[in-house]
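Enquirer: Provide a 3D model corresponding to the input given below.
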Amino acid sequence: MSYMVDEVTAATQKPTAQPTIGGSIYVKPQDIAWEPTQFGGISNMVLYEDKPKGEMTAAGPVFWTAG
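Expert: The predicted model follows:
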């Protein structure tokens, strides 16, 4: 009985999460270079950046050079 109620409830509920406009963005990190940061000897790999929106995704951990 509870199975039927759960099934009906799931079918009638509206999702609260909204999909990303434009969908997902897929990247190939092996094709992206490490970029130096404002801090000497530290680099990161920016996977996605949208400066007007202030959005950025970077690979972690960052890369530190010796010294």
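
Enquirer: the strands in this protein, which residues?
Expert: Under the criterion DSSP state E, the chain contains strands at 35-36, 42-50, 55-64.

Enquirer: tell me the most buried of those strands?
Expert: Mean neighbours per residue, mean count of other Cβ atoms under 10 Å, is largest over the strands of the chain for strand 42-50, with a mean of 14. Placement of C-beta: from N, CA and C, glycine included.

Enquirer: quick one: that one to strand 55-64, angle?
Expert: Strand 42-50 and strand 55-64 are oriented at 170 degrees to each other (axes from the mean of the first three to the mean of the last three Cα atoms, to 10 degrees).

Enquirer: picking that back up, for the strands of the chain, which one sits closest to Ile25?
Expert: For Ile25, the closest of those is strand 42-50, at 5.7 Å, according to Cβ to Cβ.

Enquirer: what would the strands of the chain look like in JSON lines with distance to Pro29?
Expert: As requested, these are exported to JSON lines (distance: least, Cβ to Cβ, whole Å):
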{"stretch": "strand 35-36", "distance to Pro29": "13"}
{"stretch": "strand 42-50", "distance to Pro29": "6"}
{"stretch": "strand 55-64", "distance to Pro29": "6"}
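
Enquirer: where does the prediction get shaky in the chain?
Expert: Applying pLDDT under 70 to the chain flags the ranges 1-20, 60-61, 63, 67.

Enquirer: please repeat the previous calculation with a cut-off of 50.
Expert: For the chain, residues meeting the criterion pLDDT under 50 lie at 1-2.

Enquirer: distance between the ends of stretch 30-49?
Expert: Taking Cα to Cα, to the nearest Å, stretch 30-49 runs 17 Å from one end to the other.

Enquirer: same deal with stretch 50-66?
Expert: Distance across stretch 50-66, first residue to last, is 31 Å (Cα to Cα).

Enquirer: name the residues that touch it?
Expert: 29, 32, 34, 37, 41-49 (Cβ atoms under 8 Å, 6 or more residues apart in numbering).

Enquirer: 7 Å instead?
Expert: 29, 34, 41-49 (Cβ atoms under 7 Å, 6 or more residues apart in numbering).

Enquirer: this completes my enquiry, with thanks.
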